[in-house]
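Student: mind folding the following:
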Amino acid sequence: MPPSRDKGSRPQYLVLGEILRPHGVRGEVRLRLLTDYPERIAALTSVYLGSDPQSPRLKRYNVEHMRMHHDYGLLKLGTINSRDDAERLRELLVMVHIDEAVPLDDDEIYLFQLIGMAVHTEAGETLGTVRDVLETGANDVYIVDSPQYGEILIPVTGDTILSTDIETGVITVSLPDGLLP
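Tutor: Numbers count the residues shown, from 1 in each chain. Predicted coordinates:
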């Protein structure tokens, strides 16, 4: 039987990026990308803007276009036609409703699906549950709350993460020597 996980924790909106500042004078905004698939933004018909994915007051905008510029996205939204309009969007999050998100490949999962999963060693020892995922430049890090060891930081690499089973809610790991106290 799968571990008890809050199935209500499925978010309504997924964050795609954060608006940093206006770009040019025609209403484009510079977007710090928070998705592994920025090219998918251009395929969306609309996005939602707000300060928090849980906010009840998100505003919907049509996507006119999205293009890459260095490591940033340049996003043009309908009704945003001047630098002043774009300035009012500074620091807002750009989100997609989860039902409109582009489906993931079979071997991919959303980060929110990892929260609350049990973490076991390959020997069967239960370490704890995933509380959060840190996205670092090199590799992600699972923050695991462990009754026995306290907080454990597990690097997400091919050597440490042996399997992730969404159906059973279990992540199996092989920890490097010295990771546990």
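Student: give the contact list for the residue most central in space within the chain.
Tutor: The centroid of the chain falls nearest to L111 when counting by CA atoms, centre = their mean (5.5 Å). By CB atoms under 8 Å, 6 or more residues apart in numbering, the contact set of L111 is 133, 135, 140. Every C-beta, even on glycine, is put in place using the N, C-alpha and C of the backbone.
Student: the last one against I154, yeah?
Tutor: No - under the criterion of CB atoms under 8 Å, D140 is not in contact with I154, lying 9.4 Å apart.
Student: what lies in contact with stretch 82-91?
Tutor: With CB under 8 Å, 6+ apart as the test, stretch 82-91 has contacts from 18-29, 49, 51, 77, 79-80.
Student: redo that, cut-off 10 Å
Tutor: Contacting residues not belonging to stretch 82-91 are listed as 18-31, 49, 51, 59, 61, 75-77, 79-80 [CB atoms under 10 Å, 6 or more residues apart in numbering].
Student: now do stretch 143-150
Tutor: Contacts for stretch 143-150 (CB under 10 Å, 6+ apart): 115, 117-119, 125-134, 151-154, 171, 173, 179-181.
Student: for the protein, what spans make up the helices?
Tutor: Remark: helices assigned in the chain by DSSP state H are 83-87.
Student: how does it divide into domains?
Tutor: Listed by automatic domain parsing, the domain ranges of the chain are 8-100, 111-173.
Student: show me what the residue lying closest to D132 once chain neighbours are set aside is bridged to.
Tutor: Closest residue to D132 apart from its sequence neighbours, by CB to CB, 6 or more residues apart in numbering: I143 at 4.4 Å. According to DSSP bridges, the partner residues bridging I143 are D132, L153.
Student: next, count neighbours for P103.
Tutor: Neighbours of P103 under the rule other CB atoms under 10 Å: 6.
Student: got a list of what it touches?
Tutor: P103 neighbours (CB under 10 Å, 6+ apart): none.
Student: stretch 132-148: how far from the chain's middle?
Tutor: 13 Å (CA atoms, centre = their mean, to the nearest Å).
Student: buried set for it?
Tutor: 141-144 (16 or more other CB atoms under 10 Å).
Student: ranges for the strands of this protein?
Tutor: Ranges of strands within the chain are 13-23, 28-33, 46-50, 59-69, 72-77, 93-97, 118-121, 126-135, 140-146, 150-155, 161-165, 170-173, based on DSSP state E.
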